[in-house]
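Trainee: Predicted structure and sequence below. I'll ask about it afterward.
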Amino acid sequence: MANIFSGAGRELDLSNGGTAAFVEVLMLAVSDLASEAWDFRFAALLILQDQYVMGRGAVGFHLEEVDWGASESERARSKGFVLRATALARSGHRWSELGYHPPHVHGYLDRFRIMVEHFTPPAGRGPHPHFPGPDGAATASCTRHRVLSGLPYWEGCFLCNRPR
């Protein structure tokens, strides 16, 4: 099975291992950049991509399903956050904490960046059932790994949930 991330008429179709690497490096960056309520909601969406919790081959999301914001400035800020997080992830930020080197993730992040750059967040659409609401935002952080996590719903972060 494959996991598909899509938007702007593009798809990022990843294997289970590719998905894990893509989500993990992006989650490290998002955890360090998140500062606004929307950022923590986006972090929660990434947490839902953890295949060790959700199931292998059963994750992915469409940019069209994301609540980018009500106003033009909110949508621009949200899109900018995703692009900044993607750039930080691509720089190798905190990769040493993964315990492995993700060899193909640069390409995945490049394709995701292009997808987001070409995506125009829609105005006034809703509801967004697949995008965590304010009450589902990832506001807890794993103290051991300094990564936003699904606490109190799940024990620990993606690094804690990984099989040893």
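Mentor: Everything's here; your move. Numbers count the residues shown, from 1 in each chain.
Trainee: For the rest of this, base every contact and every neighbour count on C-alpha atoms.
Mentor: Will do.
Trainee: which residues does residue 5 bridge with?
Mentor: Here residue 5 sits in beta bridges with residue 12, as judged by DSSP bridges.
Trainee: what separates the residue most central in space within the chain from residue 123, distance-wise?
Mentor: Relative to the mean C-alpha position of the chain, the nearest C-alpha, by Cα atoms, centre = their mean, is the one of residue 46, at 3.4 Å. Noted for residue 46: a distance of 22 Å to residue 123, by Cα to Cα, to the nearest Å.
Trainee: to the chain's geometric centre, what's the distance from the helix or strand harbouring the residue nearest to the centre of the chain?
Mentor: Taking DSSP states H and E as the definition, residue 46 sits inside helix 37-47. From the chain centre to the centre of helix 37-47 is a distance of 7 Å (Cα atoms, centre = their mean, to the nearest Å).
Trainee: ok, now stretch 5-25?
Mentor: On Cα atoms, centre = their mean, the centre of stretch 5-25 falls 10 Å from the chain's centre.
Trainee: buried set for it?
Mentor: Buried residues in stretch 5-25, counting neighbours by 16 or more other Cα atoms under 10 Å, are found at 5-8, 10, 12-14, 16, 18-25.
Trainee: go on, stretch 107-115?
Mentor: The neighbour-count check on stretch 107-115 (16+ other Cα under 10 Å) flags 108-109, 112-113, 115 as buried.
Trainee: By mean pLDDT, point me to the weakest helix or strand of this protein.
Mentor: helix 51-54 (a mean of 62; mean pLDDT, DSSP states H and E).
Trainee: gap between the two ends of stretch 113-131?
Mentor: Note: stretch 113-131 ends 19 Å apart using Cα to Cα.
Trainee: where along the chain do the strands fall?
Mentor: Ranges of strands in the chain, per DSSP state E, are 3-7, 10-14, 140-142, 147-149.
Trainee: Mean pLDDT and distance to residue 160 for these - can I get that in a markdown table?
Mentor: Formatted as a markdown table, the strands of the chain follow (pLDDT from 0 to 100; distance: least, Cα to Cα, whole Å):
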| stretch | mean pLDDT | distance to residue 160 |
| --- | --- | --- |
| strand 3-7 | 92 | 22 |
| strand 10-14 | 95 | 23 |
| strand 140-142 | 78 | 9 |
| strand 147-149 | 80 | 10 |
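Trainee: Done for today, thanks.
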